[in-house]
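Asker: need a structure here:
(chains A and B)
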Amino acid sequence: MEELEAIRVQKLSQIRELGHDPYPTFYRYTHSIGQAIEDFGPKSGEELEQNPATVRVAGRILAHRPFGKAGFLALSDGEGQVQVYAKKDQLPERGFQLYQLLDLGDFIGVEGTLFRTRTGELTVLAKEITFLAKCFLPLPEKWHGLTDVEIRYRRRYVDLAVNRDVRAVFVKRSIIIRELRRFLDDRGYLEVETPILHPIAGGALAKPFKTHHNALDMNFYLRIAPELYLKRLIVGGLNRVYDLNRIFRNEGISTRHNPEFTMLEFYQAYSNYTDLMDLTETMITGIAEKVCGSRVVKYDEHEIDFNKWTRLSMKEAIVKFCPEKIDEEALKDRATVERLLKQVHAEYDPRMPLGNLVGILFETVAEDHLIQPTLIYDYPIELSPLSKVKSNDPAMVERFELYIGAMEIANGYSELNDPVDQRDRFLAQLQARERGDEEAHEMDEDYVRALSYAMPPTAGEGIGIDRLAMLLTNSASIRDVILFPHLRPE
RNA sequence: GGGCCGUUAGCUCAACUGGCAGAGCAACUGACUCUUAAUCAGUAGGUUGGUGGUUCGAUUCCACCACGGCUCACCA
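Answerer: Down below sits the predicted model:
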């Protein structure tokens, strides 16, 4: 509100009149608040009294308990929080006058000695206060804090400043990304950067964002996947590559979807999808352990146990979770599959090929049950235009997806490297496009040409970082693991 | 995009079947030199998301709009 703001503007000019720089350029602290607590937290009150320690710390004032000619401040630098005791007879006159003009949210630097209060709390007895920045807008209330999700997303800076657990989520997210990089780097992978502006939106089945480059006068798509570029690098002899960056898909927003999201894609030559399933188990279990300190992780009402991995073929999963007793052979019969779809009230387009229908049946009957880490493998060829066909079943491809907490976390396969087959698959996708499937793949002639120079047998995988972060931070919505989720203008 | 729910002071929330819009915290004034949701006394703060309608009277009922949440569709 303007009135509250005006009072604080007025206080800043009073601070200036006292001779304090209202916007100094630096503050040399001796300890981060976390460091001060680490160094002096173990010391008793007597020890601190015998060997007085002087520190300079800086941060934002989050609480204030005044007592006339003295008062306590809670000072936070985001990482840590410490109490400051401002006492009139310990401060220069100008310093105490400054203290009296401080508000919640202001940044200050404090030089002082550490002691323990009567209740034992480690506290900085202020000998000098340096003004660093004024907070003109009132912070949320100390007890209930900021809970309105709309304001939390729109003003993430406030959310982060007052909600410690929000900060913890994003610290964890950062650790996930760092550890994934470390995992791949340790195994000889090369991190590469591939284009985000794509002339053809390829590598996945999704609707792209469109944009335009003026100088070239051509349309581009924001990438829906880096896949086809990464495999071109495999053709070129970069045998292990990964790209960990943003992906854009012009689709609905939900608790599990954001129009831009982060994906790790990695490719490994001379390997197949079984190798990657093994790698995925090791990788994800290791990350969970590093980030959460345990292989058992709470998610919603579940305990996800990374000691217990399951592998099921897609057909096995359907048979296991389908309400009607069926066998895998039945899934080769279109009439049976359609009957089962109707039975579970699934919506489908009767013009779709059998493979798509099996995919829908899987999603309808099985997905919700895949809480514990589960690798679903062997997918219908129609759903997978870039995967290698299974040698003993031409209707299926060597592909797997990782499900945890009923969420699709990863997707990998043995890469199709037969250029003739790849061209035919693209042509089949073009037909699907003509039937009105906007997400069907476009023809990519250069990619077919790259394969025509020969690509070694290769396996590749994509991991949705945001969903992995949701899982490991026990977040119900993807917006809680994205710092600035997209919202309509206020 | 469809369905359901929500929007009241800076923040967190009240206000019965329509009858003068309230509390706590934050703010301001005063008291208080070991508090930690500090305490005590006092003050101020609102076009109840917006626009219309019904009514003597609307935060409350109705319509439309805006923004958000959940959910379905689609995907990772």
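Asker: only C-alpha atoms from now on, for both contacts and neighbour counts.
Answerer: Will do.
Asker: pop the domain breakdown of chain A in here.
Answerer: Annotated domains of chain A cover A:2-139, A:164-322+A:366-480 [automatic domain parsing].
Asker: now the biggest helix by length in chain A, how far from the centre of its chain.
Answerer: The single longest helix within chain A, with elements called by DSSP state H, is helix A:164-186. Here helix A:164-186 is found 9 Å from its chain centre; the criterion is CA atoms, centre = their mean, to the nearest Å.
Asker: list the buried ones in that helix?
Answerer: A:166-167, A:169-170, A:172-173, A:175-177, A:179-181, A:183-184 (16 or more other CA atoms under 10 Å).
Asker: what is it packed up against?
Answerer: If contacts are counted by 3 or more CA pairs under 8 Å, 6 or more residues apart in numbering; DSSP states H and E, helix A:164-186 sits against helix A:156-162, helix A:273-292, helix A:465-473.
Asker: mind running it again at 10 Å?
Answerer: Here helix A:164-186 touches helix A:156-162, strand A:190-191, strand A:240-248, strand A:260-269, helix A:273-292, helix A:465-473, going by 3 or more CA pairs under 10 Å, 6 or more residues apart in numbering; DSSP states H and E.
Asker: quick one: closest of those to residue A:370.
Answerer: helix A:465-473 (13.3 Å; CA to CA).
Asker: export the domains of chain A to CSV and tack on mean pLDDT?
Answerer: Shown next, in CSV, are the domains of chain A (pLDDT from 0 to 100):
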stretch, mean pLDDT
domain A:2-139, 95
domain A:164-322+A:366-480, 94
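Asker: let's have the ones you listed in TSV, adding distance to RNA strand B.
Answerer: Compiled in TSV, these are given as follows (distance: least, CA to the nearest atom of the strand, whole Å):
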stretch	distance to RNA strand B
domain A:2-139	3
domain A:164-322+A:366-480	4
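Asker: returning to what we had before: give me the angle between the longest helix of chain A and helix A:273-292.
Answerer: 140 degrees (axes from the mean of the first three to the mean of the last three CA atoms, to 10 degrees).
Asker: so what's residue A:273 up against?
Answerer: With contact taken as CA atoms under 10 Å, 6 or more residues apart in numbering, residue A:273 is in contact with A:279, A:377-378, A:387-388, A:398-400, A:412-415, A:458-461.
Asker: next one: residue A:75
Answerer: Neighbour list for residue A:75: A:33, A:57-64, A:81-84, A:104-110, A:124 [criterion: CA under 10 Å, 6+ apart].
Asker: among the residues you listed, which ones are in helices?
Answerer: residue A:33.
Asker: of the contacts of residue A:75, buried ones?
Answerer: Among those, those buried by neighbour count (16+ other CA under 10 Å) are A:33, A:57-64, A:81-84, A:104-110, A:124.
Asker: quick one: the helices in the stretch 1-150 of chain A?
Answerer: A:2-17, A:33-40, A:45-50, A:93-100, A:149-154 (DSSP state H, counting those that start in this stretch).
Asker: point out the most buried one among these.
Answerer: helix A:93-100 (a mean of 18; mean count of other CA atoms under 10 Å).
Asker: can I get the CA coordinates of it in CSV?
Answerer: In CSV, the C-alpha atoms belonging to helix A:93-100 read as follows (Å, rounded to 0.1, in the frame of the first residue of the first chain):
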residue,chain,number,x,y,z
GLU,A,93,24.8,7.2,18.6
ARG,A,94,24.4,7.3,14.8
GLY,A,95,24.3,3.5,14.7
PHE,A,96,21.5,3.3,17.2
GLN,A,97,19.6,6.0,15.4
LEU,A,98,20.0,3.9,12.2
TYR,A,99,18.7,0.8,14.1
GLN,A,100,15.6,2.7,15.0
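Asker: so that helix versus helix A:2-17, what angle?
Answerer: Going by the same axes, to 10 degrees, helix A:93-100 makes 170 degrees with helix A:2-17.
Asker: residues making contact with helix A:93-100?
Answerer: A:11-12, A:14-16, A:18-20, A:66, A:68-71, A:73, A:86-92, A:108, A:126-131.
Asker: restricted to strands, list the residues you listed.
Answerer: Under the assignment DSSP state E, the contacts of helix A:93-100 contribute A:66, A:70-71, A:73, A:86-87, A:108, A:126-131 to strands.
Asker: out of these, who's the most crowded?
Answerer: residue A:86 (27 neighbours; other CA atoms under 10 Å).
Asker: how far away is that one from residue A:102?
Answerer: Per CA to CA, to the nearest Å, residue A:86 is found 11 Å from residue A:102.
Asker: list residues touching both of the two?
Answerer: In contact with both residue A:86 and residue A:102: residue A:73, using CA under 10 Å, 6+ apart.
Asker: nearest spatial neighbour of residue A:223, chain-adjacent residues omitted?
Answerer: Closest residue in space to residue A:223, ignoring its immediate chain neighbours: residue A:196 at 5.1 Å, by CA to CA, 6 or more residues apart in numbering.
Asker: likewise for residue A:27?
Answerer: Residue A:27 sits nearest to residue A:109 (CA to CA, 6+ apart), 6.8 Å away.
Asker: okay, helices next: where are they in the stretch 351-490 of chain A?
Answerer: A:354-365, A:419-434, A:445-452, A:465-473.
Asker: give me the helices and strands touching the first one, please.
Answerer: Helix A:354-365 is packed against helix A:314-321, helix A:334-343, strand A:374-380, strand A:393-404, with contacts defined by 3+ CA pairs under 10 Å, 6+ apart.
Asker: how about the ones you listed in JSON lines, adding mean neighbour count?
Answerer: Written out in JSON lines, the entries for the helices and strands packed on helix A:354-365 read as follows (neighbours: other CA atoms under 10 Å):
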{"stretch": "helix A:314-321", "mean neighbour count": "20"}
{"stretch": "helix A:334-343", "mean neighbour count": "15"}
{"stretch": "strand A:374-380", "mean neighbour count": "24"}
{"stretch": "strand A:393-404", "mean neighbour count": "22"}
